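**Q** build me a model:
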Amino acid sequence: MKLFNLRNKSSLTFFDSILSIDDLINKSLSLNMEYVSLIEDDVLYGAMEFYEKAKLNGLKPIIGIEIKYEEDSLLLIAKNSNGFNSISKISSYIKSNDELTRDFLLSNNKDVILINLTSSLNHIDSRDFYSKDEIFTKKVTHLEKNDDEARKLFKLVGESLEIDSIDKIDETSHFLGDEDIRKLSNGEQIKNFENLVSKIDLDIKTQKMDFPKFSENSYELLKTNCEKKIKTYLKEKSKDNPNINVSEYMSRTQLELNMIKEMNFSDYFLVVKDYVDWAESKDILVGPGRGSVGGSLVAFLLGITKVDPIESNLLFERFLNSERVSMPDIDIDFQDDRRDEVLNYIREKYGNDNVAQIVTFQTLRAKMSIRDMGRALSYPLSEVDAVSKLIPNNATIAEALSSQKKLRKLVEEDEDIAKLIDYAKKIEGLPRQFSTHAAGIVISKTKIENLVPIQSGYGDFNITQFSMKYLEDRGLIKLDLLGLRNLTIISDVLKKINLKNKDFSLANIPLNDKNTFKSIAQGQTEGIFQLESSGMKKLLLKMKVTNIEDIIASSSLFRPGPQDNIPMFLKGKENPSKIKYLDPVLENNLKLTYGVIVYQEQIMKIVQEFSGFSLSKADLFRKAISKKNKKVIEDLKEEFVKGALANGKPIELINDVYETIEKFANYGFNRSHAYAYSIISYWMSYLKANYSAEFFSSLLSSYVGNFAKIQSYQSEAKKFGIAIKPPSVNHSTDKFIVHNKEILYPLTSIQGFGAAAYRALVLNREESLFKDTIDFFERAKLIGISSSAINALLDSGALNELGDNRQTILNNMELISMYTSMVISGTGKNKIINQEIKKTTDKPKLEKFKDIEEEDDLAQYNSIGIHIKESPVVKIKEKLSSKNVEFVNLDSCLDSLGKEVIIVSEFTSLRSVKTKYGSMMMFGKIEDETGSMSFSVSPRYYDSVFDLIERGVIAILKATVDKYGGGTISIQSVKVVKNEK
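**A** Numbering: from 1, shown residues only. Sure, this is the predicted structure:
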């Protein structure tokens, strides 16, 4: 037997190893080893990935953990699946408790080999025990010998140390081969090693599903619920549609129930229904659906989804299919500010030990790798930042070196920078820390730690140590509970509307509102879920949206790949009579999308009707052809041809139809998901068009602190007749609110006006509003609002309503201060207004001063981050006009499609991206007094304008307006005239 490294660490022992699991597998294979081992510190994060990859490559896996117990370091190695369960429980205990106890070790050591690395003590009374000198156990943390310094620097990063501490880092080994290990081992150690390995036969079996039993008769409960609901639903539905196809609904309900029973998923549906029902009972807004579950009538009847799949032409077989054996996937969206309440309900219902979130790992990206290594090397921060800034967003170091001349030149000319880049490349992509999956949880019938190792997480939630990919084989089903900002916005709007109209609800919203479709067709979709990007606006303008189907199609087409079909779709929509269909089956299924296969469900229906497939088999066909699974495709294509021939179709037509399906298969989108998400888009558009003030106040509140978004939405609000006003000391709160049909800026978003000052002010004004400037200053001093916080209010414009402008208050501040000091006695919490002095002291009369507009506007901009008053662009335009400079306002750009224009505007947001060819582009938004617009800078002009563009810069732009009317300009040159920063 070839000797091998036993004590290998992967990078999932954070900041200690720079070895990936793939490194371990590939190196072992290259050395023709029979075994490969992984022993992490305390955890089993990578155990299942390691196990599966080892088995797949014909290697025998050895898995263990290294732990600290009392004064010793112990290696605990699993002999078999029982041993794996033992070390899994020990790992869970260590990661969930303060200290490992002897009792726990003794009761969880079945089939575990113990190696004591520091003494000869056998802490678990194991028969399979080896002391520190009896086995070769050099710790392996890197692949090659010359990786040693990179690994040490990486450990310095983890311990927040710098290179002068590198001698303190423990010595470890690179990956050793059989010959190296034999040289470093004595005969007894080799004999013990071979004896140890002979005891190991690790075979981890797939486990049965361990989902909670919702009821003793879950299927009967599910069936009763659905049968009761379908009757009441059809009775209500028939009032508006007497010709409703009752038999179709009844047979579909039964078909789905039979499938759910056959696949034993009744409990799953009932568990999801339960937490959806609970959320709605607490007025937590739940989305209309997500993913393929929208095709289930049973889910609709249970209230899990809000879209009738028969009415909406959605297919159950796309969701659940007896021929495609996989777990159902019911993802639910909740308003994001209350999602945690639903999680806590689930945990309370099923027990803390039976519910867990799912681990994920945050990895080191290029910029962070450079910064971390720069810090460890003690390089000057300015130098390291200069290098990291040369890395485009989302690019790897290798990609940046390929595309960035400046970076290549630095590396070629500066040895220190070359060293930095070399070390950074070695740690790039390695895990930095654990996190939790944004949406996923698991619920089990038994304790989760009996199925997978766990650890303590955030808010006392358990977290699985295995990532999502490896849970199903351990008997756990993932449930996704997602937080959606847009549902929070909608919920907030509904609350405001209900103050005036308590009967209004989403169910009252008609899906044929002309105002809604008009605003969408005009591209007024800022702030609308899925529809606000410049490219989407461009599509909506071309599409001339008139119904909900147009919105569904737009969200399905506006993706990489399917975008290629947009011209064909638009051409067909413009002239439906000119569309030529290969066969009536295609016409029947593609009329809705003007001859283009947009949805996966269309492929399924075409295959069903053209070749006689069941919908279940048609779904297999759809999946195989879109995934390019050649073996499955060959078998199904043969069936497709035979079925079509049996239906009397000629072979030439069959081949043409197959080629058509094959052409579009990659691009088909899930209609169930598109439909449900388009309903959210429509709801928001309806509220925006019909309840504009309420909508914009909620939208803006959702983006507090995001100045670019707020500035953009302020411009959009103006188009709907809604003005955004400065903060009001008497009426503003911690959110944007509607006051006298205008929207007030929040007090808490004023720079320099902190939470404590806000709480004190709001509490004080509950007694009475501030009457005037002096009244405010008296009370502000009384309640301890600092002078800096008062200045922040003054700069923001929050005090203007009290009767004096900013310049008046600034120039009378000494007088005001003298007065308040006279009438207020005491210190701290013991301050009082001395009424006797106040009665005998005249209120100061403030000398009036005129506004200094430019100074006041700049103070307000610096205070709240946006221009509330007239945009500074206006004055610059006036100066330029006097010099006969001709320019185009942003709201007039659509009159100059495809033409070159001169624009004067302010940059409000920007981002640089790398193209697939490695060159750089920039995207962002500009604004003037007439509105906002998206811009792009092509690679050709990027270098010449990159250093000139930043938020707050006002510039003269030479640009070309998008010829397709997408509301975008392409900038060729920039001349800065003012910088607001």
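
**Q** where's Val384, which helix or strand?
**A** Applying DSSP states H and E as the criterion places Val384 in helix 381-388.

**Q** tell me how far that helix lies from the chain's centre.
**A** Chain-centre distance of helix 381-388: 29 Å, with Cα atoms, centre = their mean, to the nearest Å.

**Q** which other helices and strands contact it?
**A** Packing partners of helix 381-388 (3 or more Cβ pairs under 8 Å, 6 or more residues apart in numbering; DSSP states H and E): helix 366-376, helix 415-427. Any C-beta I mention is one placed from the backbone N, CA and C, and that applies to glycine too.

**Q** now do that helix against helix 415-427: the angle between them, please.
**A** 60 degrees (axes from the mean of the first three to the mean of the last three Cα atoms, to 10 degrees).

**Q** contacts for helix 381-388 next, please.
**A** Residues outside helix 381-388 that contact it (Cβ atoms under 8 Å, 6 or more residues apart in numbering): 366-367, 370-371, 374-375, 407, 410, 417, 420-421.

**Q** out of the residues you listed, which is most surrounded?
**A** Ile370 (29 neighbours; other Cβ atoms under 10 Å).

**Q** could you list every residue that touches that one?
**A** By Cβ under 8 Å, 6+ apart, the contact set of Ile370 is 384, 387-388, 391, 397, 420-421, 424.

**Q** gap between it and Asn811?
**A** For Ile370, the distance to Asn811 (Cβ to Cβ, to the nearest Å) stands at 51 Å.

**Q** equivalent analysis for Ile200, please.
**A** Separation of Ile200 from Asn811 (Cβ to Cβ): 85 Å.

**Q** between those two, who's got more neighbours?
**A** The neighbour count for Ile200 versus Asn811, taken as other Cβ under 10 Å, is higher for Ile200 (21 against 13).

**Q** any stretches of this structure with poor pLDDT?
**A** Scanning the chain with the threshold set as pLDDT under 70 gives 964-966, 979-981.

**Q** need the longest helix for it.
**A** helix 218-240 (DSSP state H).

**Q** what lies in contact with that helix?
**A** Contacts of helix 218-240 (Cβ under 8 Å, 6+ apart): 214-215, 244, 246, 249-250, 253, 257, 260-261, 266-267, 269-270, 273, 298, 301-302.

**Q** if any of the residues you listed are buried, put those into a ChimeraX selection.
**A** Of the contacts of helix 218-240, the buried ones go into a single ChimeraX selection, burial set by 16 or more other Cβ atoms under 10 Å:
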select :214,244,249,253,257,260,266,267,269,270,273,298,301,302
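
**Q** restricted to strands, list the contacts of helix 218-240.
**A** Within the contacts of helix 218-240, no residue falls in strands by DSSP state E.

**Q** so how far is the host helix or strand of Val359 off the chain centroid?
**A** Per DSSP H and E: Val359 is located in strand 355-363. Chain-centre distance of strand 355-363: 14 Å, with Cα atoms, centre = their mean.

**Q** what do you get for stretch 849-865?
**A** Centroid separation for stretch 849-865 versus its chain: 37 Å, with Cα atoms, centre = their mean.

**Q** buried residues in it, which are they?
**A** Buried residues in stretch 849-865, counted by 16+ other Cβ under 10 Å: 856-857, 859-865.

**Q** closest one of the residues you listed to Tyr691?
**A** Distance to Tyr691 across those (Cβ to Cβ) is lowest for Ile864, with 25.0 Å.

**Q** related to what we said a few turns ago, so which of the contacts of Ile370 wins on neighbours?
**A** Using other Cβ under 10 Å as the neighbour test, those are led by Ala424, with 27 neighbours.

**Q** contacts for stretch 317-324, please.
**A** Contact partners of stretch 317-324, identified using Cβ under 8 Å, 6+ apart, comprise 256, 259-260, 262-263, 265, 291-296, 299, 328-329, 600-601, 604, 614-620, 623, 670-672.

**Q** select only the buried ones of these in ChimeraX?
**A** Listed next is the ChimeraX selection for buried residues among the contacts of stretch 317-324, using 16+ other Cβ under 10 Å:
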select :256,259,260,263,265,291,292,293,294,295,296,299,328,600,601,604,615,616,617,618,619,620,623,670,671,672
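
**Q** so of the contacts of stretch 317-324, which ones are in helices?
**A** Members of the contacts of stretch 317-324 lying in helices (criterion: DSSP H): 256, 259-260, 262, 299, 600-601, 604, 615-620, 623, 671-672.

**Q** buried stuff in stretch 773-782?
**A** For stretch 773-782, burial by neighbour count (16+ other Cβ under 10 Å) applies to 773-774, 776-782.

**Q** got those residues as CSV, with secondary structure and distance to Gly643 columns?
**A** Formatted as CSV, the buried residues of stretch 773-782 follow (DSSP: H, G, I helix; E, B strand; the rest coil; distance: Cβ to Cβ, whole Å):
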residue, secondary structure, distance to Gly643
Thr773, helix, 84
Ile774, helix, 88
Phe776, helix, 81
Phe777, helix, 85
Glu778, helix, 87
Arg779, helix, 83
Ala780, helix, 81
Lys781, helix, 86
Leu782, helix, 85
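
**Q** ok, of those residues, which one's closest to Pro844?
**A** Ile774 (6.8 Å).

**Q** residues contacting that closest one?
**A** With contacts defined as Cβ under 8 Å, 6+ apart, Ile774 is in contact with 816, 819, 843-844.

**Q** need those in TSV with distance to Asn512, can you?
**A** Below are the contacts of Ile774 laid out as TSV (distance: Cβ to Cβ, whole Å):
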residue	distance to Asn512
Ile816	59
Tyr819	63
Lys843	61
Pro844	62
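
**Q** for Ile902, give its distance to Ser881.
**A** Distance from Ile902 to Ser881, by Cβ to Cβ: 12 Å.

**Q** who has more neighbours, these two?
**A** Ile902 (15 against 12).

**Q** so what's the more buried one closest to, chain neighbours aside?
**A** Closest residue to Ile902 apart from its sequence neighbours, by Cβ to Cβ, 6 or more residues apart in numbering: Phe887 at 4.5 Å.

**Q** one step back: got CSV for the contacts of Ile774, with distance to Leu506, neighbour count and secondary structure too?
**A** Formatted as CSV, the contacts of Ile774 follow (distance: Cβ to Cβ, whole Å; neighbours: other Cβ atoms under 10 Å; DSSP: H, G, I helix; E, B strand; the rest coil):
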residue, distance to Leu506, neighbour count, secondary structure
Ile816, 51, 20, helix
Tyr819, 54, 20, helix
Lys843, 53, 13, coil
Pro844, 55, 15, coil
